[in-house]
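Enquirer: Got a sequence here, can you build the structure:
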Amino acid sequence: MKILLMLREALATAWAAKVPSTLVTFLVATMCAATLATVGRTAAAEEQLLSRLDSAGSRVLVVSDARGDELISPTIVDQTAGLSTTERAIGTIIPVDVVNGAVGQGATRVPAWGVHGDLADVATLTSGRWPGPGEAIVTETAMDRLGMQAPVGWVAQASTTVVDDWAVVGSYTPREPFSDYGTGVLYVSPQGRALDSLHVVLTDARAAQAAQGQVLRLIDPPTPDSLTIISPVSLAQLQEQVTGDLAGFGRTLLLAVLGGGALLTAIVVLADVLVRSKDLGRRRALGATRGTIISLVTLRTLGPALLGAALGTGLGIYLTHRLDATPPWQFTTGTATLALLAALAAAIPPALYAATRDPVRVLRTP
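Expert: Numbering: from 1, shown residues only. So this is what the prediction gives:
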């Protein structure tokens, strides 16, 4: 009951003292809006950067057999797929040109890639079924170039010396980051056939260094120049450096905004305490404890601060939305909470000052 009475008294006195209450509301609203419009944009930019750098295309490790020494076996691909740092892993054979088997040699050619691994890691099936040994799937673009009306028929290798063909059993669209396969044909690699390249999509770009070392240990090349490696290690290092710089800048700016707002809030509350010193002294003389005075001053600050946080957060969200840089909701909620805590912390020194003054000296008339 005492708490409810104190809350009611704090709200009543805050409403009566409209000038300091309005100033506290304005300061907290400014803290929230300024933080969201500046630090919030930085947080949004950091999140966008992380999203772009952490896309599948930036997490690809490609290891190729540079000299055709049959270093990349299907077993190595399967072992790589089981690593904790691996999201997806496939092995591929150097593409060959194929033509529509019904048309024959001299027809339009499209590339065909042999794949070992789960084809669902590379493509999304749009019609038909997944291929088995001796079968293939095609893209819409490849069907147009091959002169196929539907994903049925067969394709043959466009070579006068090698006779090889695959039955077409479906169509697909490539998944990120295998967009290069969007113009041709995918077929199942022959059983036991050595592969030319290993493509690994990592779970996290920051795991690139560890994943590269694990893959190289599995392959165990005889000489360093036996393999060609395209690695996201440098990109992961750049990601860590850039995000660290953005985070450091954001923290500095956040402390500056909240610190400045808290200082101004403390000045406003102290001025209000000085103006109302006789009222607070009268309460002390009538039996109010120091804790009651501190609570009353703090709660008087909390009411306008809550209103300011709501207004400032709404304004900040509107501004960042107009700038197309809306920060994450966790950041927005955290900003409002920090602004409230800063206002409450700023009210404590003036509250302590009011609670420790001698009520006799305060009420003494000259």
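
Enquirer: Okay, now the unreliable bits of the chain?
Expert: Within the chain, the segments meeting pLDDT under 70 span 1, 45-57, 160-163, 233-246, 358-360, 362-366.

Enquirer: just the helices in it please.
Expert: 2-16, 18-53, 74-81, 140-146, 208-219, 233-275, 277-285, 290-322, 329-356, 359-363 (DSSP state H).

Enquirer: would JSON lines of the ones you listed with mean neighbour count and distance to Trp130 be doable?
Expert: In this view, the C-beta of every residue, glycine as well, is placed from N, C-alpha and C. Formatted as JSON lines, the helices of the chain follow (neighbours: other C-beta atoms under 10 Å; distance: least, C-beta to C-beta, whole Å):
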{"stretch": "helix 2-16", "mean neighbour count": "13", "distance to Trp130": "66"}
{"stretch": "helix 18-53", "mean neighbour count": "21", "distance to Trp130": "31"}
{"stretch": "helix 74-81", "mean neighbour count": "18", "distance to Trp130": "17"}
{"stretch": "helix 140-146", "mean neighbour count": "19", "distance to Trp130": "17"}
{"stretch": "helix 208-219", "mean neighbour count": "17", "distance to Trp130": "26"}
{"stretch": "helix 233-275", "mean neighbour count": "17", "distance to Trp130": "32"}
{"stretch": "helix 277-285", "mean neighbour count": "17", "distance to Trp130": "79"}
{"stretch": "helix 290-322", "mean neighbour count": "20", "distance to Trp130": "44"}
{"stretch": "helix 329-356", "mean neighbour count": "19", "distance to Trp130": "40"}
{"stretch": "helix 359-363", "mean neighbour count": "13", "distance to Trp130": "86"}
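
Enquirer: closest to Pro133 out of those?
Expert: helix 74-81 (12.9 Å; C-beta to C-beta).

Enquirer: can you give me how far that closest one is from the chain middle?
Expert: 30 Å (C-alpha atoms, centre = their mean, to the nearest Å).

Enquirer: could you give the angle of it to helix 208-219?
Expert: Computed by axes from the mean of the first three to the mean of the last three C-alpha atoms, to 10 degrees, the angle separating helix 74-81 from helix 208-219 equals 150 degrees.

Enquirer: Please enumerate residues in contact with helix 74-81?
Expert: With C-beta atoms under 8 Å, 6 or more residues apart in numbering as the test, helix 74-81 has contacts from 86, 88-91, 116-117, 189, 191-193, 195, 198, 200, 214-215, 218-219.
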